[in-house]
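> Below are the sequence and a predicted model; questions follow.
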Amino acid sequence: MTAWPWVPDLIRAELGGYLDLAITMPDEPTACPPWTVKDLTAHLVATFQRFSTLLRQSRAGDFSIPFEPEELSRWNLATVEEFGADPFTELPAAVETFLAEATNPMEMMAHQRGPIPVALQLLFGLNELTIHHHDIVPYRPERQTLEPLLDLWQRRFAPLPDEPDPWHKILLASGRTP
């Protein structure tokens with residue numbers, strides 16, 4: 001997996017675009033039922049907080065998985081249900097904390113499927129923000145964001161649907177409608 005040095009900038013740009021929209025419609029439904037936009041934003045906060053926790057855990061020599069891969073949905077639902085803060089305030093802090101800690105793209109860190117490079121976790125973060133932006137309104141990322149995401153999906157989740165539009169490939173592979 002290529003380490004793109006500009007991925008943190010792409011994450012910040014996607015975060016800004018997501019929040020600019022999400023904060024205007026906190027109680028609207030999303031394409032991730034039963035979650036509202038506020039719930040989906042809480043999920044993103046918990047996800048980036050988990051990334052930071054796993055990176056710190058790994059730096060202490062503990063690469064144990066946080067949960068089994070098939071438990072991800074249950075973990076997501078539980079963390080959103082337990083979330084008590086303002087997710088629109090917490091999300092920028094959670095993202096920036098992880099980005100500040102994720103300084104070495106080749107450093108290995110814990111993940112539910114086993115240790116992965118920080119560069120891959122950064123791409124997973126970019127994917128989360130971009131896909132969930134589409135979950136609140138139809139959305140298409142800029143080319144500079146789409147290219148590393150397509151590479152991620154082709155390498156990690158192949159085979160992708162036979163579809164000429166790269167964004168539609170990703171959406172279809174993720175179970176979403178373009």
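Happy to help now that I have it. Residues are numbered from 1 along each chain as shown.

> so what's the residue nearest to the spatial centre of the chain closest to, chain neighbours aside?
The centre of the chain sits closest to Glu128, judged by CA atoms, centre = their mean, with a distance of 2.3 Å. If the residues on either side of it in the chain are set aside, Glu128 comes closest to Thr47, at 5.7 Å by CB to CB, 6 or more residues apart in numbering. (Glycine included, C-beta is placed from N, CA and C.)

> Please report the number of neighbouring residues for the one you found.
Thr47 has 21 neighbouring residues, counting by other CB atoms under 10 Å.

> So it versus Asp27, what's the distance?
21 Å (CB to CB, to the nearest Å).

> just Gln112 next, same as before
Separation of Gln112 from Asp27 (CB to CB) stands at 31 Å.

> So which of those two has more stuff around it?
When Gln112 and Asp27 are compared for neighbours, Gln112 comes out ahead with 16 against 8, by other CB under 10 Å.

> can I assume the more buried one sits in a strand?
No. Assigned with DSSP: H, G, I helix; E, B strand; the rest coil, Gln112 falls outside any strand and is coil.

> show me the contacts for it.
Neighbouring residues of Gln112 by CB atoms under 8 Å, 6 or more residues apart in numbering: 65-69, 71-72.

> Can you report phi and psi for it?
phi -60, psi -20 (degrees, to the nearest 10).

> got a pLDDT number for it?
Turning to Gln112, the model gives it a pLDDT of 93.

> Isn't the residue nearest to the centre of the chain up against Ala46?
No. Counting by CB atoms under 8 Å, Glu128 sits too far from Ala46 to count as a contact (10.7 Å).

> So which elements touch the strand or helix carrying Ser73?
Ser73 belongs to helix 72-82 when assigned by DSSP states H and E. In terms of contacts (3 or more CB pairs under 8 Å, 6 or more residues apart in numbering; DSSP states H and E), helix 72-82 is packed against helix 37-59.

> in stretch 10-30, what's buried?
Neighbour-count burial for stretch 10-30 flags 10-11, 13-15, 17-19, 22-23, 30 (criterion: 16 or more other CB atoms under 10 Å).

> my bad, should have said stretch 112-125
Counting neighbours by 16+ other CB under 10 Å, the buried set in stretch 112-125 is 112, 116-123, 125.

> Pretty sure Ile11 is one of the things Pro141 touches, is it not?
No. Using CB under 8 Å, Pro141 is not in contact with Ile11; the gap is 11.6 Å.

> low-confidence ranges in this structure?
Applying pLDDT under 70 to the chain flags the ranges 1-5.

> That one: strands as residue ranges?
Applying DSSP state E to the chain gives strands spanning 108-109, 116-117.
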